[in-house]
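[1] here are the coordinates; sequence isn't available:
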């Protein structure tokens, strides 16, 4: 959609508590996709209109705004059914997309690796397969003949469904092979005793900036949503703890499409199998608490909830806070406050990683202290 004309955004409030923030994110998403936002039309309803989601009166208002701003594309901040999309396009005389389609398009633009492209294509196919149910009337035409392109009486809709189903199966097979390869690599790291650490967090929280600061990897980082899609892994040597494998992962967002979560399962599974998660948070965001909840929700969905984690409160250069660590009741580092952009406090991350490694694999001096403590305890008994 990056080559499409001027864009009108629509947000219908159904009483969701995160409506305002979600609509602000839609503007950022559109700009991240390279679109020119001409106007934002808002409205309120108790429930979606079955035919157009927005209702006839609001659709007329949107139509006038389309004409006034010469917009060629309308994007709703809501999930539209195939029927609603079709009716809206007919009424507005322009292309209509929903939030999910916009996110899928951004992912398609940003994917660079072979695995990333396959996962995005799978998500798109799964999403648009649902649009074949009642989306376009021309797909109901009967098609005769025999051969691979359909038997007697088969409709174009049935052919398209079958072709999409076949393509989905092929991609799923390729991704399954890639997952087997990743599993072998994980087992090799585990046998070697190498600590696996994954950076997770809300999109644009500064994960890639922190990753570059720690590993000097040169991963693309920008002040935009979903700047990073493909998981990048680099080795980090800590003199007092040995080698650590650090992975930068895709960011999360409010109402992240389930088709994307499912398609990126192979990539996100790296997070579920990590030894430690660094949950990077934009401490300058007024919505940081809700963003943290969204990340925790996705982590639970992919089975990463039991993985130990350290909270990384990033962007203290914007809040005026000083770099420092917080500890839990056991004395372990539970949080680090830093600025990945300026580098202020990033040494505390290394300190946290060293302490975590030592807690799992005590060095000889620590082992001797532990043994001595055990002997003392036995003597007291």
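    Cool, got the structure. Please read all numbers here as calculations on a predicted model, not as lab measurements.

[2] Wait, a helix at residue 237?
    No - the assignment for residue 237 is strand, going by DSSP: H, G, I helix; E, B strand; the rest coil, so no helix is present there.

[3] Bridged to it, which residues?
    For residue 237, the beta-bridge assignment (DSSP bridges) gives partners residue 243.

[4] Do a quick rundown of the helices in the stretch 201-350 of the chain.
    Taking DSSP state H, counting those that start in this stretch as the criterion, the stretch 201-350 of the chain contains helices spanning 207-215, 258-263, 265-272, 288-301, 346-360.

[5] Of those helices, which is nearest residue 42?
    Residue 42 lies closest, by CB to CB, to one member of those: helix 288-301, at 20.1 Å. Glycine gets a C-beta too; all of them are placed from N, C-alpha and C.

[6] Report the separation between the most centrally placed residue in the chain and residue 291.
    For the chain, the residue nearest the mean C-alpha position is residue 252 (3.4 Å; CA atoms, centre = their mean). Residue 252 is 8 Å from residue 291, where distance means CB to CB, to the nearest Å.

[7] try residue 270
    Distance from residue 270 to residue 291, by CB to CB: 21 Å.

[8] now do residue 43
    26 Å.

[9] neighbour-wise, which of those two wins?
    residue 291 (22 against 17; other CB atoms under 10 Å).

[10] which residue sits closest to the more buried one, ignoring its sequence neighbours?
    In space, and not counting its chain neighbours, residue 291 is closest to residue 202: 4.0 Å by CB to CB, 6 or more residues apart in numbering.

[11] Local confidence estimate at that neighbour?
    Model confidence at residue 202, given as pLDDT, is 90.

[12] and what of residue 222?
    Reading off the model, residue 222 has pLDDT 56.

[13] anything in contact with each of residue 252 and residue 291?
    Common contacts of residue 252 and residue 291, defined by CB atoms under 8 Å, 6 or more residues apart in numbering, comprise residue 202.

[14] Test my guess that residue 353 contacts residue 214.
    No - shown here, residue 353 and residue 214 do not form a contact pair, counting by CB atoms under 8 Å, at 9.1 Å.

[15] if I look at these two, which residues touch both of them?
    Joint contacts of residue 353 and residue 214 (CB under 8 Å, 6+ apart) are residue 236.

[16] quick one: contacts for residue 94?
    Counting by CB under 8 Å, 6+ apart, residue 94 has contacts 66, 71-74.

[17] how near is the nearest residue to residue 348 once chain neighbours are set aside to residue 273?
    Closest residue in space to residue 348, ignoring its immediate chain neighbours: residue 336 at 4.8 Å, by CB to CB, 6+ apart. Distance of residue 336 to residue 273, computed by CB to CB: 23 Å.

[18] Show me which of the two is the more surrounded one.
    Higher neighbour count among residue 336 and residue 273: residue 336, with 24 against 17, using other CB under 10 Å.

[19] pLDDT at that one, what is it?
    pLDDT, residue 336: 98.

[20] same question, the one 10 residues further on
    For residue 346, the model assigns a pLDDT of 94.

[21] pLDDT below threshold where in the stretch 201-350 of the chain?
    218-230, 257-260, 262-267, 269 (pLDDT under 70).

[22] 50 instead?
    In the prediction, the stretch 201-350 of the chain carries no residues with pLDDT under 50.

[23] Same question for the stretch 1-150 of the chain.
    Using pLDDT under 50, the stretch 1-150 of the chain drops low at 1-2, 134-150.

[24] can you pull out the helices in it?
    19-32, 56-69, 82-92, 99-110, 114-129.

[25] could the ones you listed be laid out in CSV, adding mean neighbour count and distance to residue 348?
    Listed next are these as CSV, based on neighbours: other CB atoms under 10 Å; distance: least, CB to CB, whole Å:
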stretch, mean neighbour count, distance to residue 348
helix 19-32, 18, 30
helix 56-69, 16, 48
helix 82-92, 18, 49
helix 99-110, 22, 30
helix 114-129, 19, 31
